[in-house]
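Visitor: build me a model from this:
(3 chains)
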Amino acid sequence: MYVATKGGERAIGAAHAWLDETRRGDPSLPELTADQVQAQLGLAVDRVMAEGSCHDRGLAALAVKQSRGDLIEAAFLLRAYRTTLPRFGASVPLDTNTMAIQRRISAAYKDLPGGQVLGPTFDYTHRLLDFALAAGGHVPSGAPEAEASREPTPRVTEMLAREGLMQREAASEDEPGDLTREPLSFPADRALRLQALARGDEGFLLSLGYSTQRGYGGNHPFVGEIRMGEVAVGFTPPELGFEIDLGDITVTECQMVNQFKGSRTEPPQFTRGYGLVFGHGERKAMSMALVDRSLRAAELGEASDAPAQQQEFVLSHCDNVEATGFVEHLKLPHYVDFQSELENVRTMRASVEAAK
Amino acid sequence: MSGYNFAYLDESTKRMIRRAILKAVAIPGHQVPFGSREMPLPYGWGTGGIQVTAAVLGPADVLKVIDQGSDDTTNAVSIRAFFRRTAGVATTESTEAATIIQTRHRIPERPLREDQILVYQVPIPEPLGRLEPRIAETRRMHAMADYGLMHVKLYEDIARHGHIATSYSYPVMVNSRYLMSPSPIPAFDNPKMDQMPALQLFGAGREKRIYAVPPYTSVKSLDFDDHPFRPIRAPHACELCGSRDTYLDEVLTDDVGGRIFVCSDTDFCSERQAVKEAAE
Amino acid sequence: MNERSSKTPHPIPPPQAGEGGAHLPPPLLAGEGRGGGLAAQTPLLTARDLTLRFGRIAALDSVDIDIHPGEVVAIVGESGSGKTTLLRVLSGLMRPDAGEVSYLGQDVLGMTEAARRRLMRTEWGFVHQNPRDGLRMAVSAGGNIGERLMATGARHYGNIRDQAAHWLTRVEIDPTRMDEVPAKFSGGMQQRLQIARTLVTLPKLVFMDEPTGGLDVSVQARLLDLIRALVADLGLAVLIVTHDIAAARLLAHRMLVMRHGVVVESGLTDRVLDDPQHPYTQLLVSSVLA
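Guide: Numbers count the residues shown, from 1 in each chain, chains lettered A, B, ... in the order given. Next up, the predicted model:
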């Protein structure tokens, strides 16, 4: 006689034990440490911090190790940890003007105050597999060192703004919204949109940004500036009443300069698309800036029918932890609903047969 | 589990969720946005139901978790283990013994009582979503009770197929006011929601919505006077307990068309089997 | 009018007292509230002193208008004259800076959005220039016509089908095409379907925005004839915006000529067209004749 399958609990336990073994891989090879991940797979760690929206390189490295290098899974681990942490308050806004620059480039000007700094970039490398790295024991040739400057490096967009050519952003003293505490509602203001994009999936934003370049909501961008380096995080504890320095974090900032024809109330000027991500995440920061500007289409009186211009579409789908959960939930059992559909299709087929 | 609060969520989060639940109960069928937290289980795998359960769970509660009607499906096992680990509450497979039942895709066959709470896991709370994807617009439609579009969909079903072709997630009207998704339960279960003595709570974690049907509230499946709602079930008897009025799963026994039908509600089925055996 | 819902991020509608929130008033019966002709009765719709500016441009400048039951009023003028803006303000889709609009004594601008939407799906109708804006292109012709009935509480599939067939016939579409989607229809048929969809609840007042605008000339003539017949049969009041003087002459009892947001001339259609007083009207009329 038929007996319903039992033993789900045991099966799960066994599956997780197998996962644990597979994660470790060949035991004759040395185990990868989280420190090694943090030091040598730094861009993976940065991406996990950005999409996990939690700046902690050690935890992000652990998540990369635990997830066997599945970076969305790693971001999920970091998010689930982050959500349990107490909130002390919001930091003062980062001042990227005072960034200790490691990389800073502008595509809009040939030269500019503060100079162009290439920094540790893949740009202009020839993408040839380096078999010397495979052999191990590789010692870097050593980069020449320049004197680090902590003089503020003026931002390109600020220089344009001083001339009246760049639209100024409206300053606000309001407490910023927190989309991890309050559900997003539409229309979402720009602060919340940027928050969602900063946590958003790099691949999704890259493709959307790319689509704007190919004509689906084009906004004529120039890279006003990309800068990457360390900035100080300031916080004003209520019990002290003055700002203290919590330490430095590495961020990448991208400011796109976009055309704007002007309207009845505003003269023609440039507008800004803005991107900021944890760590060294240039592709993400650029994509974010493109999409940020696209999402301002309606506000600037532009047509807004391209995917990248529709905020419900973009913001509801940019979160990869939400997306992966819902896509992957399709592998959970659905046989009850499927049974209803089976009966439904059988009934419809029977009525078609009967009508013949 | 050390380092975490009772039932995982901190108390202020639970209070926030309970406030959303109270509002939902006060406005039956209306979707209340809430600050859904990022849970250690994936979105789409019951995070909404888990948060609702965590918010209403007390140490004396007895929890039952089912998925597809069964206590032993893997995700039900995983969620039950989560609460055993984080809340240490008693769990059960018996519908009768449970005070809180968290479910995905089914309503138990045994009628529920006033002292029980049924918590549904909801993937997509918006019943109008397939017709109108913009949330800002569907909220307006709910506010205005502007539901003509939903009937247009049912009209189109009949025009095309001769009958309403929706077999699960079949939309309902709650308290004659709000259009509501019953979550992806089979349409067969819809009538059980009407005037149910137990409190019904619905949690959608990814979409960040909670809604509710208070005890003894009218829940009507949408239909036409001349095309009345009809619940669908496989026209067979359960191979194990012989039931002819419960929802059945189809189980393939070979690859040449062999199949049997058994109750989807495993607890109900085993109770009936026990009664049958005792009688023999 | 929709201030509340647009400014509050989470408009939580209050639960309606008791049952019946979803039950809306039944569709009007034919003949109800219809005067026919131009009898001097209370106007259906009255607007006074409507003013609206876009920056420095005056879209509406102290516009007054009355529409009586059963009366067809045309608003003519070039594009940019403010005629479409006037239609949007009168139908409550847009707020003026100043002025008032009243429908059967109800303040249209002060109405809740719920009340305005209810009007829009019962006693009012709106026919868009582009049928795509007024039809659901993925829904069958029958479903398109049935939507307003279902939105106002119709729950008998067979009756809805009968009504749909009746209205398809009225607009000269073969009722056997009821289950086809409008995408398969020609432009003229789509426009007729949009009219059927609007008329099915027997509205008292229909707003039409360049209803023949996107059609071939031969198709336009047929559509105008159809509109004229339906309006006369049903005793509809119609406010029609058009730049087509010939269409206005064929359909309208009265007309208003607009320029730069101002009504420069108004009166009985024949009088305005045969004996235009304002130089701009003279220019409009002569350019048609020329």
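
Visitor: so where do the strands sit in the stretch 101-250 of chain C?
Guide: C:106-107, C:124-127, C:205-209, C:237-242 (DSSP state E, counting those that start in this stretch).

Visitor: and whatever residue of the stretch 51-200 of chain C ends up closest to chain A, how many neighbours?
Guide: The nearest approach of the stretch 51-200 of chain C to chain A comes at C:Gly55, 3.8 Å away (CB to the nearest CB). (C-beta placed from N, C-alpha, C; glycine too.) By other CB atoms under 10 Å in any protein chain shown, 9 other residues sit near C:Gly55.

Visitor: coming back round to it: would JSON lines of the strands of the stretch 101-250 of chain C with mean neighbour count, mean pLDDT and distance to chain B be doable?
Guide: Below are those laid out as JSON lines (neighbours: other CB atoms under 10 Å in any protein chain shown; pLDDT from 0 to 100; distance: least, CB to the nearest CB, whole Å):
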{"stretch": "strand C:106-107", "mean neighbour count": "12", "mean pLDDT": "91", "distance to chain B": "17"}
{"stretch": "strand C:124-127", "mean neighbour count": "23", "mean pLDDT": "94", "distance to chain B": "14"}
{"stretch": "strand C:205-209", "mean neighbour count": "24", "mean pLDDT": "94", "distance to chain B": "19"}
{"stretch": "strand C:237-242", "mean neighbour count": "25", "mean pLDDT": "94", "distance to chain B": "24"}
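
Visitor: would JSON lines of those with distance to B:Val262 be doable?
Guide: Listed next are those as JSON lines, based on distance: least, CB to CB, whole Å:
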{"stretch": "strand C:106-107", "distance to B:Val262": "61"}
{"stretch": "strand C:124-127", "distance to B:Val262": "55"}
{"stretch": "strand C:205-209", "distance to B:Val262": "59"}
{"stretch": "strand C:237-242", "distance to B:Val262": "64"}
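
Visitor: export these to TSV and tack on distance to chain A?
Guide: Listed next are those as TSV, based on distance: least, CB to the nearest CB, whole Å:
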stretch	distance to chain A
strand C:106-107	28
strand C:124-127	22
strand C:205-209	20
strand C:237-242	23
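
Visitor: quick one: which of the ones you listed is nearest A:Thr324?
Guide: Closest to A:Thr324 of the strands of the stretch 101-250 of chain C, according to CB to CB: strand C:124-127, at 43.6 Å.

Visitor: packing partners of the closest one?
Guide: helix C:187-199, strand C:205-209 (3 or more CB pairs under 8 Å, 6 or more residues apart in numbering or on different chains; DSSP states H and E).

Visitor: chain center to stretch A:165-182, what's the gap?
Guide: 18 Å (CA atoms, centre = their mean, to the nearest Å).

Visitor: and B:Arg84, that one's in a helix?
Guide: Yes: judged by DSSP: H, G, I helix; E, B strand; the rest coil, B:Arg84 forms part of a helix.

Visitor: so which strand or helix has B:Ile50?
Guide: In the assignment (DSSP states H and E), B:Ile50 maps to helix B:47-56.

Visitor: how big is the angle separating the helix or strand just after that helix from helix B:47-56?
Guide: Moving toward the C-terminus from helix B:47-56, the next helix or strand (DSSP H and E) is strand B:62-67. Here strand B:62-67 points in a direction 170 degrees away from that of helix B:47-56 (axes from the mean of the first three to the mean of the last three CA atoms, to 10 degrees).
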